[in-house]
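K.L.:
fold the following.
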Amino acid sequence: MEATVCPLCAADEAEPLFVGRDVLFDFPGEFPVMRCRRCGLTYNNPRVPPDEIHRFYGADYHAHDAMSPTSRRCGTAETAVPQVDRRRRGGRAAWDRVERFGGARLLDVGCGGGSYLARMQGRGWDVLGVDPMPRAVESCRASGVPAMLGTVPGVDLGGRRFELFTLRASLANLPAPRATLAALREYAAPGAVLIASAFNSDGWLARRCGPLWPGWDLPRQYCHYAPHTMRRLLETTGWRVERLEFRRRPNLARRAARLMAEATGRRMWRLAASRRWLTSLMSTCCAGMQRADEICAVARAAAERAPVRTANV
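P.N.:
Got it, this is the predicted structure:
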């Protein structure tokens, strides 16, 4: 474990929140979570060093798996693009609603096994993935999706520029988020869009479940974002936030209910854990109140003033 200052404002003025454990894969260890008194960011301190974090990804971590044959078929050019769901909560995610523009060049940071890149490639995007996990990069390449092993900054992208950057549930896994987002800004083509998502540390379930909320994903996630800290991170690294979306995550809500039922035995949690419709309703209500389990930020390179071109605007 290594000590760290706040990854957002570099202050060393944190207060302890709790000591948690790995509730998803049951890796051993206790992981302290702190909150910065200066900017409000919640983060792990001390934390697992970045060059050791691979030890906490098990063989059953499916995000790094190669795409199934069905997924590969969904990424072909012959597949029709689904009809757009114009609702901002629920429906398709923001990174699936972006229309092609400019050179239609896409960089996916933390690309995993490449299913998203294959889908966007089939829609006419020139795609590239970056991931620090060899298994994820191997899965991408085996499926015909270009990917580089490493991190940003770190990988050599040469003089390439991109119209779209995506960090789908990978923002919280960055040990140095300011450095990564500032580096991405340097690779931005005119009008570039950045879409990033993270679990919401200020969500209703995060507050009710405390250390047992699965969205902490300890120790793999280094930082835990609320709407105001996500906005501050983006706006201090060269990006202008155009909107925040609050996404329902019923599967995560169901997992949280099961953990709370096991830990407390309370009837409300046992009922929520056994009724799929109830956790789905709970997740929908939280999204409507902007207290959902996931936040998605849509931003543009700060020097640009044109509106973000997504299918719901």
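
K.L.:
is it fair to say residue 106 lies in a strand?
P.N.:
Yes - the assignment for residue 106 by DSSP: H, G, I helix; E, B strand; the rest coil puts it in a strand.

K.L.:
for it, which residues make a bridge with it?
P.N.:
Beta bridges link residue 106 to residue 127, residue 164, judged by DSSP bridges.

K.L.:
in which helix or strand does residue 221 reside?
P.N.:
Residue 221 is part of no helix or strand, with elements assigned from DSSP states H and E.

K.L.:
for the nearest residue to it once chain neighbours are set aside, list the residues it contacts.
P.N.:
Using CB to CB, 6 or more residues apart in numbering and skipping the chain neighbours, the partner closest in space to residue 221 is residue 172 (3.9 Å). From N, CA and C alone the C-beta is placed, and that goes for glycine too. Contacts for residue 172 (CB atoms under 8 Å, 6 or more residues apart in numbering) come out as 198, 199, 217, 221, 222, 223, 224, 225.

K.L.:
just confirm residue 172 is within a helix.
P.N.:
Yes - under three-state DSSP, residue 172 sits within a helix.

K.L.:
my guess is residue 4 meets residue 46, correct?
P.N.:
Yes - the pair residue 4 and residue 46 qualifies as a contact (CB atoms under 8 Å) at a distance of 7.1 Å.

K.L.:
hang on, the earlier thing: format the contacts of residue 172 as TSV; extra columns: secondary structure, neighbour count and pLDDT.
P.N.:
Shown next, in TSV, are these (DSSP: H, G, I helix; E, B strand; the rest coil; neighbours: other CB atoms under 10 Å; pLDDT from 0 to 100):
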residue	secondary structure	neighbour count	pLDDT
198	strand	27	97
199	strand	25	97
217	coil	21	96
221	coil	25	97
222	coil	23	98
223	strand	24	98
224	strand	26	98
225	strand	27	98
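
K.L.:
could you dump these into JSON lines with distance to residue 297 added?
P.N.:
Formatted as JSON lines, the contacts of residue 172 follow (distance: CB to CB, whole Å):
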{"residue": "198", "distance to residue 297": "8"}
{"residue": "199", "distance to residue 297": "13"}
{"residue": "217", "distance to residue 297": "18"}
{"residue": "221", "distance to residue 297": "16"}
{"residue": "222", "distance to residue 297": "18"}
{"residue": "223", "distance to residue 297": "14"}
{"residue": "224", "distance to residue 297": "15"}
{"residue": "225", "distance to residue 297": "9"}
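
K.L.:
list just the nearest of the residues you listed to residue 165.
P.N.:
The nearest member of those to residue 165, counting by CB to CB, is residue 198 at 14.7 Å.

K.L.:
tell me how far that closest one lies from residue 271.
P.N.:
Counting by CB to CB, to the nearest Å, the gap from residue 198 to residue 271 is 29 Å.

K.L.:
got it, and residue 196?
P.N.:
34 Å.

K.L.:
more neighbours, those two?
P.N.:
Taking other CB atoms under 10 Å, residue 196 and residue 271 do not tie; residue 196 has more neighbours (31 against 13).

K.L.:
now stretch 104-118: average pLDDT?
P.N.:
Averaging pLDDT along stretch 104-118 yields 95.

K.L.:
gap between the two ends of it?
P.N.:
Using CA to CA, to the nearest Å, one end of stretch 104-118 lies 14 Å from the other.

K.L.:
do the same with stretch 213-225
P.N.:
Stretch 213-225 end-to-end distance (CA to CA) = 14 Å.

K.L.:
OK, contacts around the spatially closest residue to residue 104 that is not a sequence neighbour?
P.N.:
In this structure, residue 104 finds its nearest non-sequential neighbour in residue 125, 4.9 Å apart by CB to CB, 6+ apart. Listed by CB under 8 Å, 6+ apart, the contact set of residue 125 reads 100, 104, 105, 106, 164.
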